[in-house]
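In: model the structure of this input:
(one chain, ligands or ions: 2)
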Amino acid sequence: MKNITILGSTGSIGVSTLEIISAHPDRFRVVALTAGKNLELLVRQIKQFAPRIAVVASQDDVPRLKELCSGLDVTILGGVEGLIAAATADETEMVVAAIVGAAGLVPTAAAIRARKDIALANKETLVTAGHLFMDLVAEFGVRLFPVDSEHSAIFQSIEGHRNEDIQKIILTASGGPFLSTPASQLSTVTVRDALNHPNWNMGKKITIDSATMMNKGLEVIEARWLFNTPVEKILVNIHPQSIIHSMVEYVDGCVIAQLGTPDMKAPIAYALAYPERVTTGVRPLDLTSFSGLTFFNPDIEKFRCLGLAYRAISAGESMPAVMNAANEIAVAEFLEGRIGFTRIAETIERTMDAHTPHHLRSIDEVLKADLWGRESAREICKEMGY
Ligand code: NAD
Ligand code: MG
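Out: Numbers count the residues shown, from 1 in each chain. Ligands and ions are numbered 1, 2, ... in the order given. From the prediction side, this is the model:
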């Protein structure tokens, strides 16, 4: 029996994780659940999974959650302290880090310090503080399992191989909803168009990141840290069918890839049950039903965010944290209808232009760089308008 905390249980990854857990009650038990704003769903999850601890992101929501849970045997907490308590609960063995954005940083770091294994969905953690996180993972001797489908694919393709034998890591990308939209039309696409992802059903922020291809940029940085591979060896191939989830090329010319129907339950289950495999209900892959699998290079003139992510990781130090913060603000402003789609890349680029990278020695310094990036990006958005 593995005891699990889910940070972000009401999100897309959180809900899929609970589906796997409910299908295998003999293997997994929920210790703690945390949510942002969706109290109704959190209460339903508390009733179904009977966690010892439940946390809501804002302290202001604690009284209401307590009221909704009256009569239930659960400790209700709130705020960052609550998230940390959930992440470090004594009986927890694995923490599923599925909060979106830099908000996942502090509780995930606390979980590592409390020697919990991590199933990492929250890629922003590695983007903002990759070197510090990988140092913490080594220092506290925990295991870090990727949940992101591409990184799970690489993890599965790398097992049993030596790091120095890797020639290239090839991340696949669906290309998102605007793959065949002419660049000249991108400035007028709507929020609805951008949320209409062809292959994956995900939270709003990552869906917009997929439309701008910043998601792939964040994943390049995530792969750089997870697999300790220089960024020059990490390539992106557009693969619209999303069947090959990523590949590793070795020095002998052999390429190992992982394939499957696009469904996050597969990589989540692999992280939860590693090194075993458990049933997921994911539709079996029938390659004969495809007329062809296609691959091509991304258009970095059109998808400027991808180039910005390579620029950020090459600059290093505080630049990826600032880029990530600017992206979070720009995506939120776009979702609120306050800036147009192409302004997302523009906001990030202008924020990065204004930043002089400096070394980050602690999570506190990462949070300061994050705050600087947010404030600068907010100003730039205000200036620019729609
Ligand atoms: P989501 O928006 O559906 O869910 C996010 C979860 O975090 C929710 O439970 C929400 O309540 C909680 N949350 C949001 N802001 C918070 C805050 N400030 N404090 C505490 N909790 C907060 O997002 P998602 O699609 O499930 O993605 C979660 C993470 O996983 C992201 O980092 C994303 O990049 C990554 N990821 C997602 C997918 C996917 O298929 N959805 C795939 C790969 C990676
Ligand atoms: Mg991914």
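In: show me what from the stretch 101-250 of the chain comes close to ligand 2.
Out: Contact residues (CB under 5 Å from the ion) of the stretch 101-250 of the chain with ligand 2: Asp148, Ser149, Glu150. Heads up, the C-betas are built off the backbone N, CA and C, glycines and all.
In: do a quick rundown of the strands in the chain.
Out: For the chain, the strands defined by DSSP state E cover 2-7, 28-35, 53-56, 75-78, 94-97, 117-120, 144-146, 166-173, 234-238, 244-250, 255-259.
In: any idea how far Pro267 is from ligand 2?
Out: 9 Å (CB to the ion, to the nearest Å).
In: spell out which parts of this structure neighbour ligand 1.
Out: 8-14, 35-38, 57, 98-100, 103, 121-124, 148, 200, 202-203, 205-206, 264 (CB under 6 Å from any ligand atom).
In: mark which of these are buried, thanks.
Out: If you count burial by 16 or more other CB atoms under 10 Å, the buried members of the residues of the chain next to ligand 1 come out as 8-14, 35-36, 57, 98-100, 103, 121-124, 148, 200, 202-203, 205-206, 264.
In: so Ile243 makes contact with Leu259?
Out: Yes: contact criterion CB atoms under 8 Å: Ile243 and Leu259 qualify, at 5.5 Å.
In: who touches both of those two?
Out: Leu285, Leu287 (CB atoms under 8 Å, 6 or more residues apart in numbering).
In: of these two, who's got more company?
Out: Ile243 (17 against 12; other CB atoms under 10 Å).
In: ok, the more buried one - contacts?
Out: So Ile243 contacts Leu259, Gly260, Thr261, Pro262, Leu285, Leu287, Phe290, Leu293 (CB under 8 Å, 6+ apart).
In: so how far is Ile170 from it?
Out: Ile243 is 14 Å from Ile170, where distance means CB to CB, to the nearest Å.
In: for this structure, what's the longest helix?
Out: helix 363-384 (DSSP state H).
In: contacts for that one?
Out: Contacts of helix 363-384 (CB under 8 Å, 6+ apart): 102, 105-106, 109, 128-129, 132, 318, 321-326, 328-330, 333, 338-339, 343, 346-348, 350-351, 354-355, 358, 360.
In: now with 6 Å?
Out: By CB atoms under 6 Å, 6 or more residues apart in numbering, the residues outside helix 363-384 that reach it are 102, 109, 128-129, 318, 321-322, 325-326, 329-330, 333, 339, 343, 347, 350-351, 354, 360.
In: and for stretch 311-318?
Out: For stretch 311-318, with CB under 6 Å, 6+ apart as the criterion, the contacting residues are Ile221, Val231, Met319, Pro320, Met323, Pro357, His358, His359, Leu360, Ala369.
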